[in-house]
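1. Need the 3D shape of this:
(one chain, ligands or ions: 1)
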Amino acid sequence: MWLLTVFLPLMRVYLCGIKVLIYQLLNRSFTLPVLPKLSGRIAIVTGGARGMGLETARHLAGLGMHVVIAGNDETEGLAAVEKIHEEAKEGKAEFMFLDLASLKSVRQFVHRFKVRGLPLHTLVNNAGIMLVPEMETEDGFEFHFGLNYLGHFLLTNLLLDTLVRSGTRQRCARVVTMASATHYGGTLDLDNLHSRRSKVALVMFTKRLQDRMAARGLHVTANNVDPGMVDTALYDFLCGAAKMAKRPFTGLFFRVRALRRRLIAAIVFSDSSIINHLVWRTPSQGARVQSDVLKSLTPAEGASTAIYAAAAAELEGVGGRYLYNGEDRPSAGCTYDVDLQEALWRTSCALTGLQEA
Ligand SMILES: NC(=O)c1ccc[n+]([C@@H]2O[C@H](COP(=O)([O-])OP(=O)(O)OC[C@H]3O[C@@H](n4cnc5c(N)ncnc54)[C@H](OP(=O)(O)O)[C@@H]3O)[C@@H](O)[C@H]2O)c1
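-> Numbers count the residues shown, from 1 in each chain. Here you go, the predicted structure:
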């Protein structure tokens, strides 16, 4: 049982991680192009208080947006708002409580947002957890599936009418949903949705949403973003044996990646201090000693594709993409199965108590 529920999923995540690692070692990370000003437009970023969500919220506020940070830790959320207000000249941020592990909380959040009568131009479904111990959400769903997928499924659907009203032919409303390379290691079994299949479900949901919107001529686009492997607190959720395995793996990863850049920089800039920096004990130590030129994959770098999907002019009207490192990539084969997408949609409606549109 342990083999099936803990060891195999963990190995699948690690294999996906190794593939991403090799790609990231061999390729440059995506650099954001100049983005248009988005003054007066409104965005919701789930999990926007830390990690890539915070970087996304900061950047969108920097472009002039009014950003609602939707999260389940008020102290962290208010600190993020303060930080954004210190930096953003035009945009603004606010915190609203949302616990994606509770369908009731999702409904309450949407109600509180809607009574204000605000438009919604961008929804970034960013929040997520990974490899937390076996437990269930308030509604009895497997935690990853309930929080990562069903929480966002319900949130997006309940906000869809506002998104539809806010999108125009010239400027569509956008739904950006964080996926992950781990989705390549998963399949979708509709009879066993309470397993760790949240990211593959999010990819199928996004494709279905895009097709549904396009079929009805509505001005809402939906894209997935795969951020690559990013040094955030997401990995703090690893437990027990996973934590032991994680340390050397991510430690090696962030060290090797930074080392590669450092070597290149040493050649290019004749950096004579290189030897001093070769023996980092932890990824954060490594990150601390790096200059701007020599950074490893930071939350800001990791968030760049999500920011691009949320704001880039060249993605106007474009949907159904799986964006990785700023480029469109094929997602896992099973995610293109339209019958399965539709079946997942119907099942998700039933599980969340949503009336089918
Ligand atoms: N880091 C990576 O290498 C990587 C790779 C692939 C995909 N991703 C995806 O990228 C997204 C962002 O992850 P990250 O790396 O930036 O991780 P992170 O720093 O751990 O951020 C996750 C965010 O999700 C929020 N969250 C967790 N439980 C929540 C709940 N019940 N209700 C509302 N919000 C909740 C957290 O808020 P609180 O602090 O309030 O709990 C936090 O702000 C996730 O969807 C993740 O799966 C990350």
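
2. And the next helix or strand past the least confident helix or strand in the chain by mean pLDDT?
-> Among the helical and strand segments of the chain, the one scoring lowest on mean pLDDT, DSSP states H and E is helix 283-288, with a mean of 43. In the C-terminal direction, the helix or strand that comes right after helix 283-288 (DSSP states H and E) is helix 299-311.

3. Now do that next one: which elements does it pack against?
-> Judged by 3 or more C-beta pairs under 8 Å, 6 or more residues apart in numbering; DSSP states H and E, helix 299-311 is in contact with helix 51-62, strand 122-125, strand 173-178, strand 220-226, strand 322-324. To be clear about C-beta, it is placed using only N, CA and C from the backbone, and glycine gets the same treatment.

4. Make CSV out of the ones you listed and add mean pLDDT and mean neighbour count.
-> Below are the helices and strands packed on helix 299-311 laid out as CSV (pLDDT from 0 to 100; neighbours: other C-beta atoms under 10 Å):
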stretch, mean pLDDT, mean neighbour count
helix 51-62, 97, 27
strand 122-125, 98, 28
strand 173-178, 98, 28
strand 220-226, 98, 27
strand 322-324, 97, 21
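
5. okay, these in CSV with distance to Glu76 next?
-> Formatted as CSV, the entries for those read as follows, by distance: least, C-beta to C-beta, whole Å:
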stretch, distance to Glu76
helix 51-62, 9
strand 122-125, 17
strand 173-178, 18
strand 220-226, 22
strand 322-324, 27
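
6. quick one: which of these is nearest Ile307?
-> The closest approach between Ile307 and any of the helices and strands packed on helix 299-311, judged by C-beta to C-beta, belongs to helix 51-62 at 4.7 Å.

7. For whichever helix or strand comes after that closest one, list the C-alpha coordinates in CSV.
-> Following helix 51-62 in sequence order, the next helix or strand is strand 66-71 (DSSP H and E). As requested, the backbone C-alpha atoms of strand 66-71 are provided in CSV (Å, rounded to 0.1, in the frame of the first residue of the first chain):
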residue,chain,number,x,y,z
HIS,A,66,-5.6,46.2,-8.8
VAL,A,67,-4.6,42.8,-7.5
VAL,A,68,-6.6,40.7,-5.0
ILE,A,69,-4.4,38.3,-3.2
ALA,A,70,-6.6,35.3,-2.3
GLY,A,71,-5.0,33.2,0.4
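
8. what about strand 66-71 and the ligand, touching?
-> Yes: counting by C-beta under 6 Å from any ligand atom, contacts between strand 66-71 and the ligand involve Gly71.

9. quick one: that strand to chain centroid distance?
-> In terms of C-alpha atoms, centre = their mean, to the nearest Å, the centre of strand 66-71 is set 14 Å apart from its chain centre.

10. looking just at contacts, which helices and strands does that strand meet?
-> Under the contact definition 3+ C-beta pairs under 8 Å, 6+ apart, strand 66-71 sits against strand 42-46, helix 51-62, helix 74-87, strand 92-97.

11. could I get those as TSV with distance to Asp189?
-> Supplementary listing: the helices and strands packed on strand 66-71 in TSV, determined by distance: least, C-beta to C-beta, whole Å:
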stretch	distance to Asp189
strand 42-46	26
helix 51-62	29
helix 74-87	35
strand 92-97	33
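
12. mind checking which of the ones you listed is nearest the ligand?
-> Smallest distance to the ligand across the helices and strands packed on strand 66-71 (C-beta to the nearest ligand atom): 2.2 Å, for helix 51-62.

13. could you check the angle strand 66-71 makes with the closest one?
-> Interaxial angle of helix 51-62 relative to strand 66-71 (axes from the mean of the first three to the mean of the last three C-alpha atoms, to 10 degrees): 160 degrees.

14. Show me what helix 51-62 packs onto, helices and strands only.
-> For helix 51-62, the contact count by 3+ C-beta pairs under 8 Å, 6+ apart identifies strand 42-46, strand 66-71, helix 74-87, strand 92-97, strand 122-125, helix 299-311 as packing neighbours.

15. Report all helices and strands that the third one contacts.
-> Just to be clear, that refers to helix 74-87. Counting by 3+ C-beta pairs under 8 Å, 6+ apart, the packing neighbours recorded for helix 74-87 are helix 51-62, strand 66-71, strand 92-97.
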